[in-house]
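Sequence and predicted structure below; questions after.
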Amino acid sequence: MSIPDYQVLAVLSESPEGRMRVSELAGRLQWERSRLSHHVVRMEKRDLVSRLGCADDGRGAFVRVTAAGQAAIERAAPAHVRAVRRLVFDSLTADEVTLLGEIFQRLRSRAAEADVGADAP
């Protein structure tokens, strides 16, 4: 499974009902909507995701993880976790892991503030 496939499936599988609006998914992945749309088409052809219309907004759409996509992410997740542990965490001390968590929390807060400010004129 490609890293982009894994990213899309991981976000969808953790979302309520296994689905998310296209615009929200693009934002979570920090991808352009056009990139996501092209990638979703390729994933649909392999039955990993499907696109659904949005009843509230005729122009909007949801991307939903399929049963095959859910099975694929469940198969891939253990190897992904092992790789992240080996490549990142195994070389850090407990104090460094704590510090890394604090740094990432600070960065997430800054990114959230930037997203709010992005709508301002």
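That came through, no problem. Numbering: from 1, shown residues only.

For Gln30, what are phi and psi?
phi 60, psi 40 (degrees, to the nearest 10).

which non-adjacent residue is nearest Asp47?
On the basis of C-beta to C-beta, 6 or more residues apart in numbering, the spatially nearest residue to Asp47 that is not a chain neighbour turns out to be Ala68, at 4.6 Å. (Each C-beta comes from the backbone N, C-alpha and C, glycine too.)

Distance check, the one you found against Ala79.
Distance of Ala68 to Ala79, given as C-beta to C-beta, to the nearest Å: 18 Å.

what ranges do the helices span in the chain?
Listed in chain order, the helices of the chain (DSSP state H) span 3-13, 22-29, 33-45, 67-87, 94-118.

So which elements touch the fourth one?
Meaning helix 67-87. For helix 67-87, the elements it packs on are helix 3-13, judged by 3 or more C-beta pairs under 8 Å, 6 or more residues apart in numbering; DSSP states H and E.

Buried residues in the helix it packs on, which are they?
Using 16 or more other C-beta atoms under 10 Å as the test for burial, helix 3-13 gives Asp5, Tyr6, Gln7, Val8, Leu9, Ala10, Val11, Leu12.
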